[in-house]
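S.K.: no FASTA, just this:
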């Protein structure tokens, strides 16, 4: 029997939150554009809240500007607030709002020594090299992201117990996507340097706050940022509702290698498949579920060769 492949549905989410001018935040106090650091003068962790790793994931911008505009200062330790890929952010076009995720490289895949110390050049590599000392100094990292599809928010982190404990202690969102070391393509912000190694103190996590332009994503980004800082003692305690974690472990990532990449049915994310069930096809090659209960994360909405097509996970 011939399997009917599904066209990709157009994005219909309303543009509730749009980019704002960030020029007032360019000159920080670190010698690195768009990086602001505040030291309490008291012992404590150095915490980094990082926004705009991807140019169109603007909920992090809302959270970062809230921290700066409201004068949040650490009671202990040090707080750094950074806007990562402002160059991509400034390429926003309201008629093509999903196209400025990156200019050349994915800034969340290039944090390996081979790329950072190599001879290749791009806007993202230039910015990553600028930000290396910012990441090197951070004991704890909160990297704020959002998703193209309107799916429930979730944590993402390298598979170390310190990260699982950190996300659980901060609270919601309840869903955790656990990334075994080396299972995902490239090296992300939260796996850079010592944060990608076992046996260290600190922690580094991503929070995916919901759909890129949703007000709820911006609100959650701000809320998680404040809960993150409160948990680490940098600000006064804030209300936190304990949640039971639902963890999913990454099994496989399938990259888009052909323009004909297509799913066999419409998907947004969190759909489940039985073992052997067909999920997608590209270039005549089938992508099938490796297990019962396989749950997909971040299925592409607009396939681009060289980018991720779908993440396959299993509940744990």
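M.R.: Thanks, I have it. Remember, it's a predicted structure, so these values are computed and weren't measured experimentally.
S.K.: got any ranges where the stretch 101-250 of the chain has weak pLDDT?
M.R.: Nowhere does the stretch 101-250 of the chain drop to pLDDT under 70.
S.K.: Please name the residues that touch residue 19.
M.R.: 58, 61, 89-90, 92 (Cβ atoms under 8 Å, 6 or more residues apart in numbering). (Glycine included, C-beta is placed from N, CA and C.)
S.K.: From residue 210, how far off is residue 231?
M.R.: Counting by Cβ to Cβ, to the nearest Å, the gap from residue 231 to residue 210 is 21 Å.
S.K.: neighbour count winner among those two?
M.R.: Neighbour count, other Cβ atoms under 10 Å: between residue 231 and residue 210, residue 210 has more, with 26 against 18.
S.K.: Strands along the stretch 51-200 of the chain, start to end?
M.R.: Taking DSSP state E, counting those that start in this stretch as the test, the strands found in the stretch 51-200 of the chain are 78-83, 140-147, 154-158, 175-179.
S.K.: and the last one, how far out from the chain's middle?
M.R.: The gap between the average C-alpha position of strand 175-179 and the chain average comes to 12 Å, counting by Cα atoms, centre = their mean, to the nearest Å.
S.K.: And stretch 142-159, by the same measure?
M.R.: 5 Å.
S.K.: can you tell me which of the contacts of residue 19 lies nearest to residue 289?
M.R.: residue 58 (33.6 Å; Cβ to Cβ).
S.K.: Skip the chain neighbours and tell me the closest residue to that closest one.
M.R.: Spatial nearest neighbour of residue 58, chain neighbours left out: residue 19 (5.6 Å); criterion: Cβ to Cβ, 6 or more residues apart in numbering.
S.K.: Point out the other helices and strands that the helix or strand where residue 204 lies packs with.
M.R.: Here residue 204 sits within strand 203-211, counting by DSSP states H and E. If you count contacts as 3 or more Cβ pairs under 8 Å, 6 or more residues apart in numbering; DSSP states H and E, strand 203-211 packs onto helix 59-69, strand 140-147, strand 154-158, helix 161-170, helix 215-231.
S.K.: Could you dump these into TSV with distance to residue 194 added?
M.R.: TSV is the format used below for the helices and strands packed on strand 203-211 (distance: least, Cβ to Cβ, whole Å):
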stretch	distance to residue 194
helix 59-69	23
strand 140-147	11
strand 154-158	11
helix 161-170	11
helix 215-231	19
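S.K.: residue contacts, the closest residue in space to residue 188 that isn't next to it in sequence?
M.R.: Nearest non-adjacent residue to residue 188, counting by Cβ to Cβ, 6+ apart: residue 108, 4.7 Å away. Each residue near residue 108 by Cβ under 8 Å, 6+ apart is listed here: 53-54, 143, 145, 186, 188-189.
S.K.: who wins for neighbours among the residues you listed?
M.R.: residue 53 (28 neighbours).
S.K.: does it really touch residue 143, like I thought?
M.R.: Yes: counting by Cβ atoms under 8 Å, residue 143 is a contact partner of residue 53 at 5.9 Å.
S.K.: joint contacts of these two?
M.R.: Joint contacts of residue 53 and residue 143 (Cβ under 8 Å, 6+ apart) are 108, 189.
S.K.: what ranges do the strands span in the stretch 201-316 of the chain?
M.R.: Under DSSP E, counting those that start in this stretch, the stretch 201-316 of the chain gives strands at 203-211, 246-255, 262-263, 272-273, 278-282, 285-288, 294-297, 308-315.
S.K.: which helices and strands sit right next to the longest one?
M.R.: With contacts taken as 3+ Cβ pairs under 8 Å, 6+ apart, strand 246-255 sits against strand 175-179, strand 294-297, strand 308-315.
S.K.: now those strands as CSV including distance to residue 269 and mean neighbour count?
M.R.: What follows is the helices and strands packed on strand 246-255, written out as CSV (distance: least, Cβ to Cβ, whole Å; neighbours: other Cβ atoms under 10 Å):
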stretch, distance to residue 269, mean neighbour count
strand 175-179, 10, 21
strand 294-297, 6, 23
strand 308-315, 9, 20
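S.K.: Now tabulate these in JSON lines and tack on distance to residue 248.
M.R.: As requested, the helices and strands packed on strand 246-255 are exported to JSON lines (distance: least, Cβ to Cβ, whole Å):
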{"stretch": "strand 175-179", "distance to residue 248": "5"}
{"stretch": "strand 294-297", "distance to residue 248": "6"}
{"stretch": "strand 308-315", "distance to residue 248": "4"}
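S.K.: circling back to that earlier point, of the contacts of residue 19, select the buried ones using a ChimeraX command.
M.R.: A single ChimeraX command is used to select the members of those judged buried by 16 or more other Cβ atoms under 10 Å:
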select :58,61,89,92
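S.K.: and the contacts of residue 19 as a markdown table, adding distance to residue 244 and pLDDT?
M.R.: Shown next, in a markdown table, are these (distance: Cβ to Cβ, whole Å; pLDDT from 0 to 100):
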| residue | distance to residue 244 | pLDDT |
| --- | --- | --- |
| 58 | 30 | 97 |
| 61 | 31 | 98 |
| 89 | 35 | 98 |
| 90 | 40 | 98 |
| 92 | 37 | 96 |
